[in-house]
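[1] Curious how this folds, go ahead:
(chains A and B)
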Amino acid sequence: NAGVTQTPKFRILKIGQSMTLQCAQDMNHNYMYWYRQDPGMGLKLIYYSVGAGITDKGEVPNGYNVSRSTTEDFPLRLELAAPSQTSVYFCASQGAANEQYFGPGTRLTVT
Amino acid sequence: TQLLEQSPQFLSIQEGENLTVYCNSSSVFSSLQWYRQEPGEGPVLLVTVVTGGEVKKLKRLTFQFGDARKDSSLHITAAQPGDTGLYLCAGEGAGGTSYGKLTFGQGTILTVHP
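    Below you'll find the model as predicted:
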């Protein structure tokens, strides 16, 4: 049982490049979330999904897109990377008691 | 927008000391969760408190949910170096479109020196 997995672990992008952060969970959870964590700022919700085919914006969605074609996978897309998107990104899925299970994170630097 | 203010932001103490971390809001939450995060890893759930006034104990950690479900505290007794980490509180919205979504505090970085 792998829980929530994320790839890549680290990535450096140039301004204007695009990339997809991968997230997968094997717990059959319907709810999944993408957060970014900046130093001293806690976790900010980017996008979330309540099930396959259903996604919605969180607190800081600008510059990002998501899709949810299956229950297991919830990729996050950055189309035109900007320095302000330098952060650590966490994917999470939610269990039956509304507890969240987090992946190990992706550390992204945009230069 | 629901906000959670966590204090203190930094805490540096000696092994064996006691400490309390506070999490406050003007909003009501249906539940309050506490997470611990170690460097290079994702947050891991410690406890969920649901009922106003609820107290939960996890070995040397005591969690309390305020009567009005707007605030919470985490008390650690006789801190150990292994307690070092980032502690995050997170409130679950009370119904409507907030259901299931968590609002996180900015975190408390705890360092326990041997």
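[2] which residues of the chain score low on pLDDT?
    Just so you know, I chose chain A. Across chain A, the stretches falling below the confidence threshold (pLDDT under 70) are A:1.
[3] ah, no, chain B please
    Confidence mapping of chain B against pLDDT under 70 gives the ranges B:1-2, B:94-100.
[4] So which residues of it form strands?
    Chain-ordered strands for chain B, with DSSP state E as the definition, fall at B:5-7, B:10-14, B:19-24, B:29-37, B:44-49, B:55-58, B:61-65, B:71-76, B:85-93, B:102-104, B:108-113.
[5] Let's have those strands in TSV, adding distance to chain A.
    C-beta: built from backbone N, CA, C; applies to glycine. Output for the strands of chain B, formatted as TSV (distance: least, Cβ to the nearest Cβ, whole Å):
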stretch	distance to chain A
strand B:5-7	8
strand B:10-14	9
strand B:19-24	11
strand B:29-37	7
strand B:44-49	5
strand B:55-58	13
strand B:61-65	14
strand B:71-76	15
strand B:85-93	6
strand B:102-104	4
strand B:108-113	9
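[6] okay, the ones you listed in CSV with mean neighbour count next?
    Supplementary listing: the strands of chain B in CSV, determined by neighbours: other Cβ atoms under 10 Å in any protein chain shown:
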stretch, mean neighbour count
strand B:5-7, 16
strand B:10-14, 13
strand B:19-24, 19
strand B:29-37, 23
strand B:44-49, 18
strand B:55-58, 13
strand B:61-65, 20
strand B:71-76, 21
strand B:85-93, 24
strand B:102-104, 24
strand B:108-113, 17
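[7] which ones are touching whichever residue of chain B sits closest to chain A?
    With Cβ to the nearest Cβ as the measure, B:Gly42 is the residue of chain B nearest to chain A, at 3.0 Å. Contact partners of B:Gly42, counting by Cβ atoms under 8 Å, 6 or more residues apart in numbering or on different chains, are A:4, A:90, A:92, A:102-105.
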